[in-house]
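Participant: model the structure of this input:
(one chain, ligands or ions: 1)
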Amino acid sequence: MEHVVIMGSGCAGYTAALYTARANLNPLVLTGILPGGLLTTTSTVENFPGFPDGIDGYELMTRMQQQAERFGAKVKFATVDAVDLGGSPLRLTVDGDPVETRSLIIATGAGHRHLGLESEGQLEKKGVTYCATCDGALPMFRNQPLVVVGGGDSAAEEALYLTRFASVVRLIHRRDELRASRIMAERVLAHPKIEPVWDSVVTEILDVSQDKVTGVQVRNVKTNEESTLDCTGVFIAIGHVPNTQLFRGTLDLDEQGYLVPSRGAATKVPGVFVAGDCSDRVYRQAVTAAGMGCAAAIEAERYLAGLAG
Ligand code: NAP
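Facilitator: Alright, predicted model coming up:
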């Protein structure tokens, strides 16, 4: 029987692990399919306090893991198949095996939102990608025109990163103003290799018949004009979808699928707490996720102390 199981190994999960480990609760962290979470797929993180020169996302997450492990956190590369939060102890099925725990911290983060085009799925990994730092340096993208879809900080970051490799980066956004923070937007708009394509949506990714990306079909939402842009890569950065499917019907979710706590980090199920991007539709920053992980850990610790009596 575990005292605390933490689902997820991003900033929220590892911070919760650090705090519960320092409280001698010997937490079990189940990493999920992407150990370290989405931050491991970003390049330099410039806005995590304490790193005036920025820090590589992968390195930041590795350090967080080491810090939690130093105090006794157990980190297991595993995914949770099912949860039964109906009784005490709480029951999980982890890669087919049963795990029982007195408390659970859900820090499952979020995954990439997809455009929803059939051609997007058919050409994934054949030029369609959701991660510039993972794939940007591939030979197929070097000195070629590339497309980034989206207008937020992620799209801005992807576009800037890809300027290292691409001949030109066309940033396709459905409005005529970026959602990205001012500093990122200014960098994007000042970059000689980035060409914004405003008020436009991608209606098709070409060319399924050639089994590789050769371009995108784009529609201007104001004029309805259709055009084709040549490219060898399409980097989609249109936001995220919370990883909360396992809890549908058991815990409260909002209309976008984010977990809604009942008070602080606590849910309506005693002993179950939430932290990070799976329950944050507003801020979604590395540092806020870490803060939420800390809060969930403190609440779990108090809950367990209450049980003990
Ligand atoms: P986001 O802020 O939600 O932006 C998503 C963008 O995609 C928006 O511009 C949105 O358009 C567009 N979009 C959404 N659905 C679309 C669709 N179906 N078709 C076309 N476009 C679509 O997501 P994000 O950029 O991933 O950022 C998420 C959070 O992480 C934010 O809080 C951000 O600040 C943070 N973040 C920070 C950094 C950094 O600080 N360096 C880096 C990455 C992420 P509209 O603008 O029209 O809604």
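Participant: nearest to the ligand: which residue in the stretch 151-300 of the chain?
Facilitator: Per C-beta to the nearest ligand atom, residue 152 is where the stretch 151-300 of the chain lies closest to the ligand, at 2.3 Å. C-beta coordinates here come from the backbone N, C-alpha and C atoms, glycine included.
Participant: was I right to think that residue contacts residue 240?
Facilitator: No: using C-beta atoms under 8 Å, residue 152 is not in contact with residue 240; the gap is 9.7 Å.
Participant: and stretch 135-145, average pLDDT?
Facilitator: Regarding stretch 135-145, the rounded mean pLDDT is 95.
Participant: contacting residues for residue 62?
Facilitator: Shown here is residue 62, whose contacts under the criterion C-beta atoms under 8 Å, 6 or more residues apart in numbering are residue 36.
Participant: for my notes, confirm it occurs in a helix.
Facilitator: Yes: for residue 62, which was evaluated using DSSP: H, G, I helix; E, B strand; the rest coil, the result is membership in a helix.
Participant: up against the ligand, what does the stretch 101-250 of the chain have?
Facilitator: On the criterion C-beta under 6 Å from any ligand atom, the ligand has as its neighbours in the stretch 101-250 of the chain the residues 113, 115, 149-155, 157, 174-175, 179, 181, 184, 201, 237-240.
Participant: quick one: secondary structure of residue 183?
Facilitator: Secondary structure of residue 183, reduced to three states by three-state DSSP: helix.
Participant: just give the number of residues close to it.
Facilitator: Using other C-beta atoms under 10 Å, the number of residues around residue 183 comes to 12.
Participant: swap in residue 283?
Facilitator: The burial count assigned to residue 283 is 11, neighbours taken as other C-beta under 10 Å.
Participant: just residue 199 next, same as before
Facilitator: For residue 199, the count of nearby residues is 16 (other C-beta under 10 Å).
Participant: number the chain from 849, please
Facilitator: Yep, numbering from 849; the last one is residue 1047 now.
Participant: I'd say it and residue 1066 touch.
Facilitator: No: the criterion here is C-beta under 8 Å, and residue 1047 misses it with residue 1066 at 10.0 Å.
Participant: can you give me the helices for the stretch 849-998 of the chain?
Facilitator: In the stretch 849-998 of the chain, the helices defined using DSSP state H, counting those that start in this stretch lie at 859-870, 905-918, 966-970, 980-983.
Participant: any idea which of those helices gets closest to residue 1060?
Facilitator: Comparing those by their distance to residue 1060 (C-beta to C-beta), the top pick is helix 966-970, with 10.6 Å.
Participant: what about the nearest residue to residue 886 once chain neighbours are set aside, distance to the ligand?
Facilitator: Closest residue to residue 886 apart from its sequence neighbours, by C-beta to C-beta, 6 or more residues apart in numbering: residue 957 at 6.2 Å. Residue 957 sits 11 Å away from the ligand, going by C-beta to the nearest ligand atom, to the nearest Å.
Participant: count the residues that sit near residue 957.
Facilitator: A total of 29 residues lie near residue 957 under the criterion other C-beta under 10 Å.
Participant: and the pLDDT at it?
Facilitator: 98.
Participant: these two touch, right, it and residue 884?
Facilitator: No: using C-beta under 8 Å, residue 957 is not in contact with residue 884, being 10.3 Å away.
Participant: let me see the mean pLDDT of the longest helix along the chain.
Facilitator: When secondary structure is assigned using DSSP state H, the longest helix within the chain turns out to be helix 1134-1156. In this model, helix 1134-1156 carries a mean pLDDT of 97.
Participant: what of stretch 1075-1087?
Facilitator: Per-residue scores along stretch 1075-1087 average to 97.
Participant: kindly export it (C-alpha atoms) in PDB.
Facilitator: Extracted in PDB, the C-alpha atoms of stretch 1075-1087 (Å, rounded to 0.1, in the frame of the first residue of the first chain):
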ATOM      1  CA  SER A1075      -4.200  29.300 -51.800                       C
ATOM      2  CA  THR A1076      -1.400  26.700 -51.600                       C
ATOM      3  CA  LEU A1077       1.900  27.200 -49.700                       C
ATOM      4  CA  ASP A1078       4.800  24.900 -50.500                       C
ATOM      5  CA  CYS A1079       6.600  23.300 -47.500                       C
ATOM      6  CA  THR A1080       8.200  20.100 -46.400                       C
ATOM      7  CA  GLY A1081       7.100  20.400 -42.800                       C
ATOM      8  CA  VAL A1082       4.000  21.400 -40.900                       C
ATOM      9  CA  PHE A1083       4.500  22.200 -37.200                       C
ATOM     10  CA  ILE A1084       1.200  22.300 -35.400                       C
ATOM     11  CA  ALA A1085       1.100  24.400 -32.200                       C
ATOM     12  CA  ILE A1086      -2.500  25.300 -31.500                       C
ATOM     13  CA  GLY A1087      -2.700  24.600 -27.800                       C
END
